[in-house]
Structure formats: C-alpha cells, structure tokens
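> Whatever this is, show me its structure:
(chains A and B)
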There are 2 protein chains.
Amino acid sequence: MASWERVLEENRSRYLEDFLELLRIPSVSALPEHAGDVRRAAEWTARRLRAAGLEKVQVLETGGHPVVYAEWLHAEGKPTVLLYGHFDVQPVDPVERWTSPPFEPTIRDGRVYARGASDNKGNFVLAIFAVEAMLRVEGRLPLNVKFLLEGQEEIGSPQLPAFVASHAELLACDLAISTDGAHWSEELPSLSVGSRGLCALQIDVTGAGRDLHSGIYGGTVQNPIHALVTLLGTLRSPEGKVLVEGFYDSVRPLSAEERETFARIPHDDEAYARELGVPATFGEPGFGTLERAWVRPTLEINGIWGGFQGEGLKTVIPSEAHAKISCRLVPDQDPDEILERIRRHAERHAPPGVRVEVRDFPGRARPYVVPADLPALRVAREVVGEIYGKEPVLVCTGGTVPVLDLFRTHLGVHTVTVAFGVEDERFHAPDEFYRLANFDRGQRGYARLLERLAEVPWRG
Amino acid sequence: MASWERVLEENRSRYLEDFLELLRIPSVSALPEHAGDVRRAAEWTARRLRAAGLEKVQVLETGGHPVVYAEWLHAEGKPTVLLYGHFDVQPVDPVERWTSPPFEPTIRDGRVYARGASDNKGNFVLAIFAVEAMLRVEGRLPLNVKFLLEGQEEIGSPQLPAFVASHAELLACDLAISTDGAHWSEELPSLSVGSRGLCALQIDVTGAGRDLHSGIYGGTVQNPIHALVTLLGTLRSPEGKVLVEGFYDSVRPLSAEERETFARIPHDDEAYARELGVPATFGEPGFGTLERAWVRPTLEINGIWGGFQGEGLKTVIPSEAHAKISCRLVPDQDPDEILERIRRHAERHAPPGVRVEVRDFPGRARPYVVPADLPALRVAREVVGEIYGKEPVLVCTGGTVPVLDLFRTHLGVHTVTVAFGVEDERFHAPDEFYRLANFDRGQRGYARLLERLAEVPWRG
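Next up, the predicted model:
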C-alpha cells in the first residue's frame, strides 16, 4: 500500500464531509439568482486547494462565472499535467421528483444523493484529495500539477474560450486530464476517447409581407411553410442519411478495429428504444446505434415554427417560417466548412416564390479524439484497469465537449478524460447520485495516475 | 323613375344616419367582451326591420350570437326570397393604424370609414331601406321576402348550421340572396358565382417520451421534426401540385368557356405579387392565378411547430412535432372524402421510428357554385348591369362561404350574391370604408332586383 493510500483511509470521513459541504452549495450556473452560489463554490474550491497544499491559488474572472486556478510546480524536469473539472451544476427541475432535497446531500445504500454529486463535484474533489494526500506524505508530487476548475460548464462555457486563449501561458502544460466523465456501467469501466463537434444555423423563409387568408390567396403564392418543408426535405434522406453535398467528404472511415471495439461494448438496441419510448431505433443506414451516436455525423432539426399553433384552426398562409438546425461533427469535419456547405445547399435548393436566409449560430466546436497511440491514454487504461480489476473499454460521447478542442487549440495538448462516476448516476436529472465505492476508488485512481504518468515516458 | 326611388332620395340623409348609427355599435363577434354589442346590433337590426314594415321580426337564439329573422309574405302566388347578411364585424387590430376610430364612422371624400362599413353592414342595411321604400310607396312588395341576418359570420358561423337545419320551415324560400360580397373594382361590377369548400386536419408526430439531447442521442432515433417534414413533403410537389392520391379525382375540369371568362377579368400578376410582397406568384402548374385561387383545390400547411423556438440554440431532439393543414375544395370534391384520402396517405407515408396521428377538425364545408343557367343569376346580371351601366363579370371567391352550402343542403335553394361594396374597401383591415356612391346605387339595386325577380319566370 502506498503511503498516501494510508492518508486517504485515515481522512476518509473528513474528505466525505468536505465533499458534502461542497454539495450543499447550490451552484446552478444557468440561473442568475444562483450566481453568488457559483462564486461561493469557486471560493470553497480555492480554499480547499490551498488547504491541500496547492500554490498560487486564485479565483479568476472570466466576465461570467469565475474559474479557479492552482498549481504545484516543483517537480523539476518532470512534465506538467493540467487537471480540469467544474464546480457549477445543472438546475434541479423538476424538484418535486427528488427523493431528498437536491442541495441537502443524503447518503442511502452507499450512494450520495445530491445535484452535482457525480457531475462533476464528486470527481474533481477526488483529484484534490489525492494531491493533498501525496503532498502530506511526501511533501512533493511526482510531477508538476495545475488545476483549472470552472463555473460555467453547464451553460456551455461561454467565456472559457477567451479565458484559455488569454491565459495560455498560465495554463501551459504537457497533458490535460479532464475529471468530467463517467464509466460505462458499474461492471464495465471505460475511457471516453472522442466527442463530436458542433455547428448550428437557422433557416428563415419569408413570403408575403403579411399573413394571408388561405382561402382568398391559397394556391397563388408560395407558402413559406411548404417552402421550408421542401428545403428541409432535401437535407436528409428519409432513411437518415445527410444529403448536403460533401457533408461526409472529410469523415474518417470507420476502421475494422474501431467497429470491433464498439461491437464489444454491451448495448441492447431494444432496451435502448424502450428506455427512450420510441418504437425502434433509427439512423444512418449501415451503422449501429453506438456508431451513429459516436463516430457518425448528424444533421438534426432542433426546432421548427411558422403560422398558427393554437387550438383549432386558423386558415392562414403565414408570412414566415423558421427552422433551427445543428450538426454533430466527427473527425475530420470542420464546423466552418460544414456551415458553408449547408449554406450553399440551401441556396441551391431554395424554393421559388420566397426568400431564404441562412444564419450561423456562434459557438461551433471541432470534434475531438484522443490519438489511439497517446502514451498517456495507455497509462490511463492501465491505472483504471488496475483500480477496477478489469480492462476499461474505449468509448466516445456523442455530445460536444468544447474544452477538449480548446486545450488542443490554445495549449497544444491532448486531454485524457479519467473519471470515477458511472453513466447511470442521473446527471441533469432528479436523484443524481455518486457511489461511495467510487469515491474511495477515485482518490486512489487519481493519485496512481499522477505517479504513473511521472514514471513512464508518455510524452508523445 | 320608380316611385320608391323618390322615397329613397327623400330619405337619403335619414338612411345615412341610420347606417352610421349601426356602424357605431362595436359588434365584434370574436371578442367575448363585445358579445353584448353583437346583441345590441341584433336588436338595432330587428327594430329597423320592424320600422321598415317587416313582420314577425324576432331576435332568435342560436346558442351563441343571435340571428334576426323578419318576413313579409303577402305576395300570394309569388316566389319567396331569403335575404342574408351579417351584423357582426371583425376585430379592429391594429387599432393604431386607423385614421379615425373604427366605431366612430367618419365621412371623407365620399366614403364612410368604419369597421363593418363594407363587410357587411353597408350592404344588408341597403336591402332593408329598399324594402322600406317599396312598402311605403306601394304598401306591398312584388314578391315574398324573408330576412336572415346573423351575428357570427366573422367567427365562422359555428351555430348557424344547426339553426338553419332546425328552422328550415321558417326559412323556407325559393331563392336566397346574399348581401355579403363586393364588386371586382370600382370600374368593374361583378357577381361571385362560386366559393371553395374547406376541410382541415392536424398531424401529430411523436417520438421519444421526452426531449432528448441531440448530442448524446442524435443520429440514433427518428427526430419527429424530420419525420413530419418528410411526411409533409409527400403531400405536395415542390411545384405546388397536391400529391395525395386521388385528390383531383372529383375535380370538374375547367371548360374552355370558363378559362375564357377568367381570362377576360383584369388581373396583373406582377402587381398582385408586388402588393402581397412576394418575389413572384406561385402555384399549381398549368393554371393562372385566378384559376388557382377560384377553381383549383389547394392543400396548405397553416401552422407547424416542434422543438425549440427561442433565441439562439437548444440542441434538442423534441419528443413531438405538429402541423395544421387545410384544403380548399372545388366542385365536386367532398370534404369527408378528401380528409379520408389525406388520412390514408399519411398512414401510407408515415416515417419509421415515430407515431403519426391525424385528427380532423370540425367545420368542413363543401364547395359551392351557382349553376350558370340559374334564371335568378341572369336577373341579377341584368340588374347589376343596368345599375352600373356595365355588364358585370362573373367571378368566384377562393374563400369558403359555409352559408351557401347550408342553404342548398337544408333549404334546397341556390344563393345569388348581390352586393354593392368593392373588393378594395379594406375588409378585416384598418380604415375599412364604403363608397357613398354605392350606398345610393345599392338601395336602387336591391329594390330593382326584387321587382325583376317577381316579373320573370326565374324558378329553375
């Protein structure tokens, strides 16, 4: 047993108390009335980092919710690792569906129930405890460590890109480790090695200068809703394949090895459809559900509206119709290029008799994958495998994690996501929880990860 | 000059005062707070009919806004004519765009400005004045006359079908004359001989049991908006032809004579597009704008909605998407049959991975055309031609006038629409007006029409 492991055991109840204290702060970043609580969580985090022995701990302004920075940089000649996480949480609605109040953490059956327990407070504090234990025992860390903990992840980190870009020197490192993730299931540890990119746009179709009576004018002018529907119908085949010219041109073909990897991950299509309440799964022909979710790009209409939406009928030909569309992107698609392709497609397929306008949304993100041969990824697999006694599978997320692309772009480093929550822990939903078994495992996990990263020649 | 004509001239200012008095009643049927005003308009109308010498004048209940009935049935052996109109009016919004207040009738440049001036108060009171003048001079009318004036036309006459059906004996007649219409232009008198029918439905598409994150689930389940768009895309070709199987089966082909008739009506497609603010007209290939508006059926999406409609982006796959659709029908399409065809079409083309539900709306109406050889139509053409010194053109309305089908179904009679307003008099819009020149013409017109209908063997 490593000496820091004893410290962790001795301090178990104190660390748990600290964790529960953090969970009591309702740091909901989406709600303006909780802005003070997000800041309190930042200050709590800063205090805890200082107590752990970290240096130059600062709460830094971003223009929105703050970030917390800390460092320990006395391992000369050793690489520097940047640990990332977030102390803000999702809103709690519908609050009446919580068994115990979301900000009164409650332990039942070896689980801590509270908003943020698993996403992400339960993960990043473990890294702090691990560092504290190592510093207490050895007086030093095996490599250089920086922390970047933010308070706006749950609202899409709007000010983080500018912050990272303007603090690239402060955050300079050789590798980032994100604590924001989860294992595939209680039985199956996993490492997420990819996330999809994002770009989005709105299509506005305008017809007559006013809403028209569909009796008097019906049949004589283009109906903006029909025009929109016609245009949208050209974007995707009824089978679910995107028809925008060149959309798939930059998509890396799925290798036989990747397909095999995904095929090994336990997934039951019928159970998946049942859980979501759909008659069946549906998607791009030739791919399985996990492939469709992780490594195939999508084009989805997120909203559509035009004309009369009330009860009953209003016989109107509206003057406008609108749709919001977003695409999830996979390597090596570029968000700007995809937006341009969709814009050109919309121009080419613009129906007659109306005006069609395409507006991009800001907030695009490139897809991200950890290179399969990244030495740090191998280290992470080994450490997680040892901790769980089981080789982790490599998975992806279909969602977008902008911070991964940020670190690559502005710091020039890759990010390995190592977390100790589980996918079933109800992130963003009532009765979010964290397993106490993983609370213990995670502290050991982060400590070992830092040790092993210092030992092996992982710099790729 | 007919003797009644002198009476009309002598009473000109009194009749105008009466008209303005009626216009001061804000009988907006769509707004519950004006229900009392609609009833006041009914009572005013009843009083005015009594003063004119009509008999058995009654305000009758319908379950909604009331109707007014009156009769004069002493022309033994002569036919009976039922005069129809409505004393309710449209709302006045946007009220700030009126030059003078909508219920303070104002005369400017030979026009009366007020809500309802042309639609329909300005027309039906003329028929009352005409009857009064004839009764005053002769003590009798040349044929039997009944009045049915209603208070819910502007909200689609929801209770009128049941009322007409249950009062068929009271309303029994040989011909109906509707005063609810308008001439093509100030220079060109017209008679409307057709109106389109109507049927409507809603399509509801349901996917997952909750809104899904488009990153995590995007690509793996059918998106209800895409499914709806795909389904709607099968209803109409991009060129504007309805693709529902059998939709055109019962449509009477347009005769060479009809096409010629329409071609003679002055219509400028570019001016029409400019006035509506569309880049160009658009519609079913092979037909002109007037044909598309009057004698070709349509299928129009009147409303569509699903997912996120706010500012910016929400990356959601919604659990539902909806569309409202209405069809304008022409002879001999049947609303029930068309609804059934659309329902079957939707079932056949229902996209996979979602549930599709089709719900009919009540309030369907059959199309109506006045038979070209109806003797009363010939009489009306002659009278209008004499009054204006110009042969009226025969036109249609693309809209739906349910009362026409009601009279045919429940009373077994045809309806000839004879009115003295003009299409440009801003019905339903700010600054609605009525030309005083037509106020005078109309009184003579209705009187002559009654005289001539009594003289000629028009019973077809």
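
> So which residue is dead centre in chain A?
A:V401 (3.9 Å; Cα atoms, centre = their mean).

> Apart from its neighbours in sequence, what residue is nearest it?
Once flanking residues are discounted, A:V401 sits nearest to A:S195: 4.3 Å by Cβ to Cβ, 6 or more residues apart in numbering or on different chains. Where C-beta positions appear, they are placed from N, C-alpha and C, glycine not excepted.

> Check the gap between that neighbour and B:T99 for me.
61 Å (Cβ to Cβ, to the nearest Å).

> So for those two, which residue has more residues nearby?
Between A:S195 and B:T99, counted using other Cβ atoms under 10 Å in any protein chain shown, the more crowded position is A:S195 (29 against 11).

> thought the more buried one was touching A:C396?
Yes: with contacts counted by Cβ atoms under 8 Å, A:S195 reaches A:C396, the gap being 6.6 Å.

> burial measure for A:A372, as a count.
For A:A372, the neighbour count with other Cβ under 10 Å is 13.

> what's the answer for A:H267, then?
For A:H267, the neighbour count with other Cβ under 10 Å is 14.

> What residues does it make contact with?
A:G288, A:T289, A:L290 (Cβ atoms under 8 Å, 6 or more residues apart in numbering or on different chains).

> Look at the last one and tell me its secondary structure.
Assigned with DSSP: H, G, I helix; E, B strand; the rest coil, A:L290 falls in the helix class.

> before we move on, the earlier item: tell me the contacts of the residue nearest to A:V401?
A:P367, A:Y368, A:C396, A:T397, A:G398, A:G399, A:T400, A:V401, A:L404.

> now do A:R444
Applying Cβ under 8 Å, 6+ apart, one finds that A:R444 lies in contact with A:E5, A:L8, A:A130, A:I387.

> Apply 10 Å and report the result again.
A:1-2, A:4-5, A:8-9, A:126, A:130, A:133, A:383, A:386-387, A:420 (Cβ atoms under 10 Å, 6 or more residues apart in numbering or on different chains).

> what's the answer for A:N144, then?
Counted by Cβ under 10 Å, 6+ apart, A:N144 has contacts A:71-82, A:173-174, A:454.

> how does it look with 8 Å?
Residues in contact with A:N144 (Cβ under 8 Å, 6+ apart) are A:E71, A:W72, A:L73, A:H74, A:A75, A:K78, A:P79, A:T80, A:V81, A:C173.

> Give me the neighbour count for the closest residue to it other than its chain neighbours.
Excluding its sequence neighbours, the residue lying closest to A:N144 (Cβ to Cβ, 6+ apart) is A:T80, at 3.9 Å. Close neighbours of A:T80, defined as other Cβ under 10 Å, add up to 19.

> so what pLDDT did A:T80 get?
The score at A:T80 is 97. That number is its pLDDT.

> Kindly report the same for the one 4 residues further on.
If you check A:Y84, the pLDDT there is 98.

> cool, A:E257 as well?
For A:E257, pLDDT reads 89.

> Wait, a strand at it?
No: secondary structure of A:E257 (three-state DSSP): helix, not part of a strand.

> quick one: it and A:V393, what's the gap?
Distance from A:E257 to A:V393, counting by Cβ to Cβ: 13 Å.

> And for A:L374?
Distance from A:L374 to A:V393, by Cβ to Cβ: 17 Å.

> Ok, A:T409 next?
Per Cβ to Cβ, A:T409 is found 28 Å from A:V393.

> Looking only at neighbour counts, state which of those two leads.
Taking other Cβ under 10 Å, A:T409 and A:V393 do not tie; A:V393 has more neighbours (18 against 13).

> ok now do that one, which residues does it touch?
Residues counted as contacts of A:V393 (Cβ under 8 Å, 6+ apart) are A:W184, A:L188, A:P189, A:S190, A:L191, A:T261, A:R264, A:I265.

> Could you measure from it over to A:G122?
For A:V393, the distance to A:G122 - Cβ to Cβ - is 22 Å.

> Which stretches in the stretch 151-300 of chain A count as strands?
Secondary structure of the stretch 151-300 of chain A (DSSP state E, counting those that start in this stretch): strands at A:175-178, A:190-195, A:197-206, A:212-213, A:298-307.

> Any chance of those strands in TSV with distance to A:F361 and mean pLDDT as columns?
Shown next, in TSV, are the strands of the stretch 151-300 of chain A (distance: least, Cβ to Cβ, whole Å; pLDDT from 0 to 100):
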stretch	distance to A:F361	mean pLDDT
strand A:175-178	25	97
strand A:190-195	19	95
strand A:197-206	4	96
strand A:212-213	30	91
strand A:298-307	10	97
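
> out of those, nearest to B:E21?
For B:E21, the closest of the strands of the stretch 151-300 of chain A is strand A:212-213, at 29.9 Å, according to Cβ to Cβ.

> contacting residues around that closest one?
Applying Cβ under 8 Å, 6+ apart, the external contacts of strand A:212-213 come out as A:G218, A:V221, A:T315, A:V316, A:I317, A:S319, B:L276, B:G399.

> Widest-spaced pair of these?
Across the contacts of strand A:212-213, the longest distance by Cβ to Cβ is 18.4 Å; it joins A:S319 and B:G399.

> circling back to that earlier point, for the strands of the stretch 151-300 of chain A, give me a markdown table that also has distance to B:G363.
Formatted as a markdown table, the strands of the stretch 151-300 of chain A follow (distance: least, Cβ to Cβ, whole Å):
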| stretch | distance to B:G363 |
| --- | --- |
| strand A:175-178 | 58 |
| strand A:190-195 | 51 |
| strand A:197-206 | 28 |
| strand A:212-213 | 16 |
| strand A:298-307 | 18 |
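
> And the ones you listed: which comes nearest A:V164?
Of all these, strand A:175-178 sits nearest to A:V164, with 10.4 Å by Cβ to Cβ.

> Check the contacts of A:V393 for the minimum pLDDT and say which it is.
Lowest model confidence among the contacts of A:V393 falls on A:T261, which carries 87.

> so what's the nearest residue to that one once chain neighbours are set aside bridging to?
Excluding the flanking residues, the one nearest A:T261 by Cβ to Cβ, 6+ apart is A:L394, at 6.0 Å. Assessed by DSSP bridges, A:L394 has beta-bridge partners A:L191.
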